[in-house]
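Asker: Sequence below, structure please.
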Amino acid sequence: MKKALLFILLFSINSYSQKDLTKKIAAVVVEGKNLYKSEMASWYGTDLFIEQYKNQENICGYFSYSEGENAKCIFFSKGDNPKVIGTIIFDNTYNIKTAKSELEERSFSKNENDLYLIRSKAMNAIKSDTIFKHYNNSNLNLIPLISNNEKKVYVLTGPTKSGVVIYGNDYLLTFNNENELKSTKRLHANIIPVNYGDDKNISVAAMHSHLPETGELITATDICTTMLYEKFTGWENVYVMSKEYVSIWNCKTDELNVMKKEAFEKINK
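Answerer: Below you'll find the model as predicted:
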């Protein structure tokens with residue numbers, strides 16, 4: 001009887017753990033793809049806007065966000081009361097030929113104003129908080145995100161040279177409903193540059209490891225970075241190793257599979 005009760009207890013724990021893990025996997029994929037959508041709009045929106053907007057000394061900054069099936073990259077003016085001076089709208093193909101441009105000056109919407117405020121406060125934090133590290137041949141890119149009543153700004157490190165993908169040196173800032181900074185967290189413990197532009201050493205996969213403080217799964221920033229560059233690298237998979245799990249991102253299907261590290265190692269023997 002005791003053995004039967006123990007079996008039922010262990011089965012319940014394992015089932016709960018698997019259910020919890022499945023939820024975490026789904027959540028990180030959604031978050032990563034939301035970051036990707038924002039960055040794609042910023043990548044292509046910047047080029048399009050600069051081509052069309054003549055008064056470039058009036059540009060203070062930009063950010064992107066999703067609205068339904070579309071992604072919008074908006075640019076705002078300098079001054080104490082900035083205005084939106086341009087909006088580039090993409091569908092889910094991010095085709096620059098079908099993107100729509102709106103260059104009429106207007107006020108921020110409520111959502112845009114919140115995104116602007118948390119982005120601005122994150123920018124101030126980067127300038128004053130020593131947790132943020134700066135490296136040569138790279139820039140810190142801010143991605144404000146509001147979803148599920150949560151306000152966040154992710155900070156990614158982007159390369160300024162071609163032929164390299166940068167993982168790590170990324171951060172998460174969270175804000176309350178009043179757009180006040182609540183917390184700042186460093187997501188990876190270090191910076192992980194991965195070269196892919198060397199024709200003599202072409203790789204079909206990339207791999208990096210997570211320390212316990214980063215977490216057991218691939219991060220949303222890892223997913224975003226991979227999706228941004230996978231079309232250039234030729235990678236088939238990206239592997240993220242932790243103490244207990246291996247996260248395997250399929251660069252062809254943009255799907256995530258997670259397996260126990262022990263099982264992964266047995267397969268590869």
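Asker: quick one, what contacts F76?
Answerer: By Cβ atoms under 8 Å, 6 or more residues apart in numbering, the contact list for F76 reads I59, C60, G61, Y62, P82, K83, V84, I85, F108, Y116. Glycine gets a C-beta too; all of them are placed from N, C-alpha and C.
Asker: did I read that right, it in a strand?
Answerer: Yes. Assessed by DSSP: H, G, I helix; E, B strand; the rest coil, F76 belongs to a strand.
Asker: Pull out the buried members of the contacts of F76.
Answerer: By neighbour count, with 16 or more other Cβ atoms under 10 Å, the contacts of F76 hold I59, Y62, P82, V84, I85, F108, Y116 as buried.
Asker: Angles on the backbone of the second one, please.
Answerer: This points to Y62. In terms of degrees, to the nearest 10, the main-chain angles of Y62 are phi -160, psi 160.
Asker: ok, it - contacts?
Answerer: Contacts of Y62 (Cβ under 8 Å, 6+ apart): S42, G45, T46, F49, C73, I74, F75, F76.
Asker: now it: how far from V194?
Answerer: 27 Å (Cβ to Cβ, to the nearest Å).
Asker: before we move on, back to that, export the contacts of Y62 as a markdown table, with columns for pLDDT and distance to K152.
Answerer: Shown next, in a markdown table, are the contacts of Y62 (pLDDT from 0 to 100; distance: Cβ to Cβ, whole Å):
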| residue | pLDDT | distance to K152 |
| --- | --- | --- |
| S42 | 97 | 16 |
| G45 | 97 | 21 |
| T46 | 95 | 22 |
| F49 | 96 | 25 |
| C73 | 98 | 18 |
| I74 | 97 | 18 |
| F75 | 98 | 22 |
| F76 | 98 | 20 |
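Asker: With distance to I96 added, can I get those residues in CSV?
Answerer: Shown next, in CSV, are the contacts of Y62 (distance: Cβ to Cβ, whole Å):
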residue, distance to I96
S42, 13
G45, 9
T46, 11
F49, 11
C73, 12
I74, 17
F75, 16
F76, 21
